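Chemist: Pasting a predicted model and its sequence here:
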Amino acid sequence: MQQYFNFKLLKKSEKSNARAGIFLTPHGEIRTPIFMPVGTNSAVKTLTSDQVKDTGAQIILSNSYHLYLRAGTKRIKKFGGIHKWMNWDKPVLTDSGGFQVFSLAKLRKITEDGVEFQDPKDGSKHFISPEVSMEIQQDIGADIIMAFDECAPYPCDYETAKAAMERTHRWLDRCFKAKTNPQQALFPIVQGAFFDDLRMESARVVSTYNAEGYAIGGVSVGEPDDIKNHFVELTAPLLPENKPRYLMGVGTPIDLLDGIKHGIDMFDCVLPTRNARHGSFFTWEGKKNIKNKQFQDDERPLDENCQCYACKNHSRAYIRHLFKCQENTALTLLSIHNIQFLIEFSQRCRQEILNGTFEEFYDKYYDVFKK
RNA sequence: GCGGGUGUCGUCAAGUGGUUAAGACCUCGGAUUGUGGUUCCGAUAUACAUGGGUUCGAAUCCCAUCAUCCGCC
């Protein structure tokens, strides 16, 4: 049987758990560590697929929950799958809908079978189970699909966290049984909230599956940074070393530095596009906000060392003007910049790992982004 | 020239005799983490057109001046 996925570890740091690799998928390779932009409704907000491609994105994330409710995943299947649907020929990852049901749906009823919820937009009732999620994700046709999990809130008590974790494990088994397409990699998700023994247990259970990659979920749900960091540090090394590790929903440049240091290979986050919509942008000198008056006559690009479309063509003064006038182009330019910045940031970490200098890079930029 | 209206922070605008003169925009910070697309939180201001008068007390009442708007000649 043909092998559709392959993860090759190119280098492991001697001073930390940082590592650099190449993850091969049916739609091309991903150079890890990598940051993945989020395109919830099969579009990275304010950007065309071409514009996303020009940022250097190697893979994008989309979403079962949203595409199931709108567009309809049968329609996308009939169209020929998400790559053709959105004219994107690189790898795609879809989230399972578990997190969205947890964070977005107003009315939801979780049972052993699955989750019943209402579409907050029109009130219609729906049901997603591990089997339904697998069917949805196979219809969408992403390269990487995620297990249907139950994400516990923060804070939460031990019993709730344990019950959610155990259900996630039982659902994981059902996901693997329901998944049929060998051209899709199913990543299990570690849960366990913020309890050491639960996280360790979940990492152990999840690792018993011979998956193409493994994810850590249930973080960035409102917990303090040091707590998040502790659980990433605890969990990541417990996952199989020869497979990519994906930290879901993270993060900031500092989150990337910490995650990579602890052995994470993949990240996704809405931050670059959401921040863009709020005017803030990343630079190699830290985070700034285009709304600030100091930029009104600034003829420099957003970042002088950035090669993105926005930086090669436009000034801070012009982009600030567009933003103040609420022109959508401002959001596009800032999104392009922020996405390209985080991708380049992850690829710079990769290069530093290959050079054996990641830890110095970590120290330097940890301070820059500490604020 | 005559008649009438209006003058409160950079802008808009509450307040019509009584303690530190609302609020919004702007400006300046902060937040945002597997996305309900312009959000949320906080901070900052030499502001009652000018000069008199009435009153225990005036942004508020009276007079004059100036500015501005409308109408008429």
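Modeler: Okay, I see it.
Chemist: Can you tell me the element A:Leu186 falls in?
Modeler: Assigned by DSSP states H and E, A:Leu186 belongs to strand A:185-187.
Chemist: repeat for A:Thr46
Modeler: A:Thr46 belongs to no helix or strand when assigned by DSSP H and E.
Chemist: roughly how far apart are it and RNA strand B?
Modeler: 5 Å (Cβ to the nearest atom of the strand, to the nearest Å). For every residue, glycine as well, the C-beta is placed using N, CA and C.
Chemist: need the contact list for that residue.
Modeler: Shown here is A:Thr46, whose contacts under the criterion Cβ atoms under 8 Å, 6 or more residues apart in numbering are A:Thr273, A:Ala276, A:Arg277, A:Asn328, A:Leu331, A:Thr332, A:Ser335.
Chemist: just the residues of the stretch 151-300 of chain A that are near RNA strand B, which are they?
Modeler: Within reach of RNA strand B by Cβ under 7 Å from any atom of the strand, the stretch 151-300 of chain A has these residues: A:151, A:189, A:215, A:217-218, A:220-222, A:225, A:248-252, A:255, A:268-271, A:273-275, A:277-280, A:287, A:289, A:291-294.
Chemist: Just the buried ones from those, in PyMOL syntax?
Modeler: Provided next is the PyMOL selection string for whichever of these are buried by 16 or more other Cβ atoms under 10 Å:
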select buried, chain A and resi 151+189+215+217+218+220+221+248+249+250+251+252+255+268+269+270+271+273+275+277+279+280
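Chemist: Inside strands: which ones of the residues of the stretch 151-300 of chain A next to RNA strand B?
Modeler: Among those, DSSP state E puts A:Ile189, A:Ala215, A:Asp268, A:Ser280, A:Lys287, A:Asn289 in strands.
Chemist: can I get those in TSV with pLDDT?
Modeler: TSV is the format used below for those (pLDDT from 0 to 100):
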residue	pLDDT
A:Ile189	98
A:Ala215	98
A:Asp268	97
A:Ser280	94
A:Lys287	93
A:Asn289	93
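Chemist: and the gap between the spatially most central residue of chain A and A:His126?
Modeler: Closest residue to the average C-alpha location of chain A: A:Asp268 at 1.9 Å, with Cα atoms, centre = their mean. From A:Asp268 over to A:His126 the distance is 24 Å, taken as Cβ to Cβ, to the nearest Å.
Chemist: Are any of the contacts of A:Thr46 buried, and if so which?
Modeler: Those of those that meet the buried threshold are A:Thr273, A:Ala276, A:Arg277, A:Leu331, A:Thr332, A:Ser335, by 16+ other Cβ under 10 Å.
Chemist: Return the member of these nearest to A:His66.
Modeler: Distance to A:His66 across the buried ones among the contacts of A:Thr46 (Cβ to Cβ) is lowest for A:Thr273, with 14.4 Å.
Chemist: OK, now which residue of the stretch 151-300 of chain A is nearest to RNA strand B?
Modeler: Closest residue of the stretch 151-300 of chain A to RNA strand B, Cβ to the nearest atom of the strand: A:Lys293 (2.1 Å).
Chemist: one step back: what does the strand holding A:Leu186 rub up against?
Modeler: Contacts of strand A:185-187 (Cβ under 8 Å, 6+ apart): A:4-5, A:25, A:134, A:143-147, A:175-176, A:179, A:211-215, A:246.
Chemist: Tell me which of those residues fall in strands.
Modeler: If you go by DSSP E, the contacts of strand A:185-187 have A:Thr25, A:Ile144, A:Ile145, A:Met146, A:Tyr214, A:Ala215, A:Tyr246 in strands.
Chemist: ok, now which ones touch the fourth one?
Modeler: Taking Cβ under 8 Å, 6+ apart, we find A:Met146 in contact with A:Leu93, A:Thr94, A:Asp95, A:Ser96, A:Gly98, A:Gln137, A:Leu186, A:Phe187, A:Ile189, A:Ala215, A:Met248.
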